[in-house]
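Asks: structural data only, the sequence is not supplied:
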């Protein structure tokens, strides 16, 4: 039997506590839990001008999948998102969705959003992840001024470019690929994520989407013409969908191109309820959860949990059987708790894959300590100054 001095026990216990704190931050950051079950939609028409404002959380959304939009964009030569907007503050994050063609906070075709003063563009292609994050485009110092702005983001010919008030602010070629991996079941939303948990506070006066990258000359002309007068909507240069917000009342915002009613937006009375499921599985979620970064975060991140917890129990003279049982059960409970809390994080999901990875990681940690440390196969004197002592 191995004996441990009190200082050795306390040192290992302190390491375990520090690890738990780091693990908690890594798994749940930024702790933006949404326990607000008030789902009133606060999208409101602006008096006397064309536009919708979001002074509190709200959204506009298509009633069904915009099949015409999907067909035109996936058969086009690129993408342009063109908007006239006014952000109400430069503190909102999430990022806060201005316009999003997506399923939820982690699966999308494209999203244009605000993260404090930054403009964020997430675009799924065959060479990015399913969230359009790796890689994605960020442009700082866009929302540090809170006046009305004309924003255009284009993607085509191997370049993604951003224009602010008619001026080219950024152009880069990191994002490649095409839209053949887009999902036709997603909906289009303005002012929020489709699930209603990434609200943007501001006003929108005009929005259009093209299936090509419009030119810098077109951007300058559109900016000079002013909001809601981009191009003749029946011309060959017309956008695929366009919202003028000239209804000024009611619950429907019509697609000004009038090619298909599936792209019409409406103002629901309530934001969507929480639609996520605990420990869900789907092909896209499995693909997302098995990405290398997620495997490292969930599996390897939980190996020290089992390793340190089992080690702490053994230093306090618990039997091997009780230590193994307690460490394994605790690993499972911590994994379940983490996935349950993910249910209330707008940018996360509760996944059976992640639960399995976390549990296996904790169990591997127990095995490593039991087999290698206790049997003397892994030198650990440097770790916590554990010394073999004579039997009593």
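Replies: Thanks, I have it. Since this is a predicted model, take the numbers as computed values, not measurements.

Asks: dump the residue contacts of the residue lying closest to residue 210 once chain neighbours are set aside.
Replies: With C-beta to C-beta, 6 or more residues apart in numbering as the criterion, residue 210 has its nearest non-adjacent residue at 3.9 Å, and that residue is residue 80. (Each C-beta comes from the backbone N, C-alpha and C, glycine too.) Contacts for residue 80 were tallied using C-beta atoms under 8 Å, 6 or more residues apart in numbering; they are 152-156, 208-210, 212-214, 239.

Asks: double-check that residue 80 belongs to a strand.
Replies: Yes - assignment of residue 80 by DSSP: H, G, I helix; E, B strand; the rest coil places it within a strand.

Asks: how about it: which residues does it bridge to?
Replies: Beta-bridge partners recorded for residue 80 (DSSP bridges): residue 154, residue 210.

Asks: which residue ranges make up the domains of the protein?
Replies: 6-33+277-384, 43-266 (automatic domain parsing).

Asks: what's the most buried one of the ones you listed?
Replies: domain 43-266 (a mean of 19; mean count of other C-beta atoms under 10 Å).

Asks: quick one: distance of that domain to the chain centre.
Replies: 17 Å (C-alpha atoms, centre = their mean, to the nearest Å).

Asks: can I get the contacts of residue 80 in JSON lines including distance to residue 354 and pLDDT?
Replies: Shown next, in JSON lines, are the contacts of residue 80 (distance: C-beta to C-beta, whole Å; pLDDT from 0 to 100):
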{"residue": "152", "distance to residue 354": "38", "pLDDT": "97"}
{"residue": "153", "distance to residue 354": "32", "pLDDT": "98"}
{"residue": "154", "distance to residue 354": "36", "pLDDT": "97"}
{"residue": "155", "distance to residue 354": "31", "pLDDT": "97"}
{"residue": "156", "distance to residue 354": "36", "pLDDT": "94"}
{"residue": "208", "distance to residue 354": "38", "pLDDT": "95"}
{"residue": "209", "distance to residue 354": "33", "pLDDT": "96"}
{"residue": "210", "distance to residue 354": "38", "pLDDT": "96"}
{"residue": "212", "distance to residue 354": "39", "pLDDT": "95"}
{"residue": "213", "distance to residue 354": "37", "pLDDT": "96"}
{"residue": "214", "distance to residue 354": "41", "pLDDT": "95"}
{"residue": "239", "distance to residue 354": "39", "pLDDT": "92"}
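
Asks: widest-spaced pair of these?
Replies: 156 and 208 (15.5 Å; C-beta to C-beta).

Asks: surely residue 78 and residue 240 touch.
Replies: No - the pair residue 78 and residue 240 does not pass the contact test of C-beta atoms under 8 Å, sitting 11.5 Å apart.

Asks: of the domains of the chain, which shows the lowest average pLDDT?
Replies: Across these, domain 6-33+277-384 has the smallest mean pLDDT, namely a mean of 79.

Asks: for residue 268, give me its contacts.
Replies: 41, 59, 61, 251.

Asks: recalculate using a threshold of 6 Å.
Replies: Taking C-beta atoms under 6 Å, 6 or more residues apart in numbering, we find residue 268 in contact with residue 41.

Asks: where does it fall, phi/psi-wise?
Replies: phi -70, psi 150 (degrees, to the nearest 10).

Asks: how close does it sit to residue 70?
Replies: 21 Å (C-beta to C-beta, to the nearest Å).

Asks: with residue 374 instead?
Replies: Taking C-beta to C-beta, one finds residue 374 at 58 Å from residue 70.

Asks: what does stretch 196-211 contact?
Replies: Counting by C-beta under 6 Å, 6+ apart, 34, 51-54, 57, 59, 72-73, 76, 80-88, 92, 94, 96-98, 191-192, 227-228, 230, 239-243, 271-272, 346 sit against stretch 196-211.

Asks: kindly report the same for stretch 100-108.
Replies: 109-111, 130-132, 186, 188-189, 193-195, 284, 346-347.

Asks: quick check: of those, which lies closest to residue 12?
Replies: For the contacts of stretch 100-108, the nearest to residue 12 is residue 347 (34.3 Å; C-beta to C-beta).

Asks: in space, what's closest to residue 366 - neighbours in sequence excluded?
Replies: In space, and not counting its chain neighbours, residue 366 is closest to residue 306: 4.0 Å by C-beta to C-beta, 6+ apart.

Asks: any idea which helix or strand comes after the helix or strand harbouring that neighbour?
Replies: Using DSSP states H and E, residue 306 maps to helix 303-315. Later in the chain than helix 303-315, the nearest helix or strand by DSSP H and E is helix 320-342.

Asks: elements contacting that next one?
Replies: Judged by 3 or more C-beta pairs under 6 Å, 6 or more residues apart in numbering; DSSP states H and E, helix 320-342 is in contact with helix 303-315, helix 352-368.

Asks: ok, now with 10 Å
Replies: helix 6-28, helix 292-298, helix 303-315, helix 352-368 (3 or more C-beta pairs under 10 Å, 6 or more residues apart in numbering; DSSP states H and E).

Asks: next, the angle helix 352-368 makes with that helix.
Replies: For helix 320-342 against helix 352-368, the angle by axes from the mean of the first three to the mean of the last three C-alpha atoms, to 10 degrees is 160 degrees.

Asks: helix 320-342: how far from the chain's middle?
Replies: Taking mean C-alpha positions (C-alpha atoms, centre = their mean), helix 320-342 and its chain are 27 Å apart.

Asks: with adjacent residues omitted, what lies nearest to residue 40?
Replies: residue 270 (6.5 Å).

Asks: show me what contacts the one you found?
Replies: Residues counted as contacts of residue 270 (C-beta atoms under 10 Å, 6 or more residues apart in numbering) are 38-41, 196.

Asks: which SS state does residue 171 fall under?
Replies: At residue 171, secondary structure determined by three-state DSSP is strand.

Asks: for it, which residues make a bridge with it?
Replies: residue 161.
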